[in-house]
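Student: Mind folding the following:
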Amino acid sequence: MARKVFISVLGTNKYLEARYYFGSKPSGNEEALRFVQEKTIKEYCEKWGDKDKILIFLTNEAKGKNWIEAAHNGEYEGLSKRLSMLKLKCPVKGIDIPEGLDEDEIWQIFSTVFYQLEDGDELYFDITHSFRMLPMVIMVLINYAKFLKSGITVKSITYGAFEKLGPTYKVKEIPLEQRWVQILELKQLSVLQDYTNAANEFVKHGAVKSLSDLFPDSGFSFALNSFSDAFSGCRGIDVFEAESASLLKKEVENLDDNIHPAQRPIIEKIKNKVDYFRSGEIVQNGIAGVVYCIDHGLVQQAITLLSELMVTYVLAYLQYDWKLKFNRDICSSALSKFNKEGYNADLVLQKYRRQVEAGKLSGSDYLELEKRLNDLIEKIYNLEFKEVLTKDIYSCLQIGTRDDINHAGIRDKSKSTKKLEESLLKYYNLFKNIIIAKYPISDAPKPI
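Tutor: Residues are numbered from 1 along each chain as shown. The predicted structure follows:
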């Protein structure tokens, strides 16, 4: 079972009594208290066990004025005495911290709080009586801890809105039975941090796990993960046919209008990214896929997709089945050779000859495959853009960049990551601006 931890920072003021309450209105029998921590600890910690903890962080001044048994020169009982009277099963610990007046002290506070936390902790945080900027420091730290300590969750962030009663001199004039102070639940601050982190991961890196976790067990979560997996796993058919992109578009449209306000800007970002993918437009989708990978630092996937997109483009331009492996083998082999005389049909046909020898393929079927090969080869080498695509783009990308990527750089004269990125951008721009822009699929000659 997860350990529960209550965290608060004690302030230095001379606190007036008030009747703190949870919810939209008081029940009428709330006890008058000086320290809001008494109320929040009663609310959350009364049933906690000896493995749980209550941590009160104290500056020297707060310790001398409000923690000790006789607080503010004996005017009232300090928080340590008040909490001891609750007879809690979980330990209560006062922890010294500096005031945070300079950078060194802020980092001391950071280290002190951070190393009190453990993997899997459930945190309850009260920020009402804290000293100056300490609540902000600890809030940022807790967000940091959620990343570095596995399984930390924020269950509650509370704030007693005492200032709504007015300035201290006016509050003193309010009868004690009328000093009602609502305790606000601000857990949404932590939720906003989660969305901030998830949005950052998605926008910068295309990582969706944190974002997906914020939409648990939903069709949107499934679609988002499928969309991301298509790129991380470099699934060309999915990308070119916009399978997962179309599903994600649909799920985005189906999202409830009452989604969390912090979700809306993220959803808009996702809409913008998937809008470039359209059903039936394989070349457009391929370009969008390569750009998506470039934008999110997926260099290996971008290089592979770009190489396969060139093959797909040529086959689609010639109106051949671009998904058929036989066609892709012929095309990729042809694009690797500068002229038809250098093309070696045996490399493509040899496995089919073995099938004939094994009795798995008839001689007539083999001859039909050979005819199809020769027909496709003829059309590829008659393409107006064949030479520039082969010599200046495809072969350079394949030999100098994709091979380097696929062999993890374990080869002679391997490129640095920066050089790989530069090559990727170079060949992407050449292919897009010289080939696709000048020879769109829609202008391709129709078969007779």
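
Student: which residue ranges form the helices in the stretch 1-150 of the chain?
Tutor: For the stretch 1-150 of the chain, the helices defined by DSSP state H, counting those that start in this stretch occupy 36-45, 60-62, 71-74, 79-84, 103-114, 134-148.

Student: Helix 103-114 and the longest one, what's the angle between them?
Tutor: The one in question is helix 134-148. Here the directions of helix 134-148 and helix 103-114 differ by 60 degrees (axes from the mean of the first three to the mean of the last three C-alpha atoms, to 10 degrees).

Student: any idea how far helix 134-148 is from the chain center?
Tutor: Per C-alpha atoms, centre = their mean, to the nearest Å, the displacement of helix 134-148 from the mean C-alpha position of its chain is 19 Å.

Student: buried sites along it?
Tutor: Along helix 134-148, the positions that meet the burial threshold by neighbour count (16 or more other C-beta atoms under 10 Å) are 134-135, 137-139, 141-143, 145-146. All C-beta spots, glycine's among them, are computed from the backbone N, C-alpha and C.

Student: Of all pairs in these, which one is the farthest apart?
Tutor: Maximum pairwise distance among the buried residues of helix 134-148 (C-beta to C-beta): 18.8 Å, between Leu134 and Lys146.

Student: The stretch 51-200 of the chain: strands as residue ranges?
Tutor: Counting by DSSP state E, counting those that start in this stretch, residue ranges of the strands within the stretch 51-200 of the chain are 53-58, 70, 76-77, 92-96, 122-126, 153-160, 180-185.

Student: how about those strands, which one is nearest Leu389?
Tutor: Nearest to Leu389 among these is strand 153-160 (53.9 Å), distances taken as C-beta to C-beta.

Student: Please identify the buried residues of that closest one?
Tutor: Going by neighbour count (16+ other C-beta under 10 Å), the buried part of strand 153-160 is 154-160.

Student: Also stretch 397-405?
Tutor: For stretch 397-405, a neighbour-count test (16+ other C-beta under 10 Å) marks 397-398, 401-402, 404-405 as buried.

Student: Where does the prediction get shaky in the stretch 251-400 of the chain?
Tutor: 258 (pLDDT under 70).

Student: one more time with 90, if that's ok
Tutor: Residue ranges of the stretch 251-400 of the chain with pLDDT under 90: 253-273, 279-280, 336-353, 355-358, 361, 366, 391, 395-400.

Student: Would you map the strands across the stretch 251-400 of the chain?
Tutor: Ranges of strands within the stretch 251-400 of the chain: none, based on DSSP E, counting those that start in this stretch.

Student: Break down it into its helices, ranges please.
Tutor: Assigned by DSSP H, counting those that start in this stretch, the helices in the stretch 251-400 of the chain fall at 263-274, 282-295, 299-317, 325-335, 345-357, 363-381, 386-388, 395-397.

Student: can the ones you listed go into CSV with extra columns for distance to Trp48?
Tutor: Formatted as CSV, the helices of the stretch 251-400 of the chain follow (distance: least, C-beta to C-beta, whole Å):
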stretch, distance to Trp48
helix 263-274, 33
helix 282-295, 47
helix 299-317, 48
helix 325-335, 63
helix 345-357, 69
helix 363-381, 73
helix 386-388, 73
helix 395-397, 62
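
Student: Please look at Lys155 and Leu123 and confirm they touch.
Tutor: Yes. Judged on C-beta atoms under 8 Å, Lys155 makes contact with Leu123 at a distance of 6.4 Å.

Student: any common contacting residues for these two?
Tutor: Among the neighbours of Lys155, none is also in contact with Leu123 (C-beta atoms under 8 Å, 6 or more residues apart in numbering).

Student: and the nearest residue in space to Ile138 that is not next to it in sequence, what is it in contact with?
Tutor: Leaving aside its chain neighbours, Ile138 sits nearest to Val113 (5.8 Å; criterion: C-beta to C-beta, 6 or more residues apart in numbering). Listed by C-beta under 8 Å, 6+ apart, the contact set of Val113 reads 7, 57, 97, 138, 141.

Student: do the same with Arg179
Tutor: Counted by C-beta under 8 Å, 6+ apart, Arg179 has contacts 16-19, 32, 165, 171.

Student: Ile142 too?
Tutor: 7, 123, 125, 152, 154, 190.

Student: Report the beta-bridge partner residues of Leu33.
Tutor: Ala18 (DSSP bridges).

Student: Tell me, how many residues neighbour it?
Tutor: 18 (other C-beta atoms under 10 Å).

Student: Quick check: which ranges of the stretch 101-250 of the chain have low pLDDT?
Tutor: Low-confidence segments of the stretch 101-250 of the chain (pLDDT under 90): 101-103, 105-107, 109-111, 113-114, 127-151, 163, 167-168, 186-218.

Student: Repeat the analysis, applying 70 as the threshold.
Tutor: 130-132.

Student: Now Ser210. Nearest residue, chain neighbours left out?
Tutor: Closest to Ser210 by C-beta to C-beta, 6+ apart is Ala198, at 3.9 Å.

Student: quick revisit: now render the contacts of Val113 as a markdown table, adding distance to Ser362.
Tutor: Shown next, in a markdown table, are the contacts of Val113 (distance: C-beta to C-beta, whole Å):
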| residue | distance to Ser362 |
| --- | --- |
| Ile7 | 77 |
| Phe57 | 83 |
| Ile97 | 84 |
| Ile138 | 77 |
| Leu141 | 73 |
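
Student: Among those, which one sits closest to Thr304?
Tutor: Using C-beta to C-beta, Leu141 is the member of those that sits closest to Thr304, with 41.0 Å.

Student: related to what we said a few turns ago, and the gap between the residue nearest to Ile138 and Asn66?
Tutor: As judged by C-beta to C-beta, to the nearest Å, Val113 and Asn66 stand 19 Å apart.

Student: Same check on Glu422?
Tutor: 61 Å.
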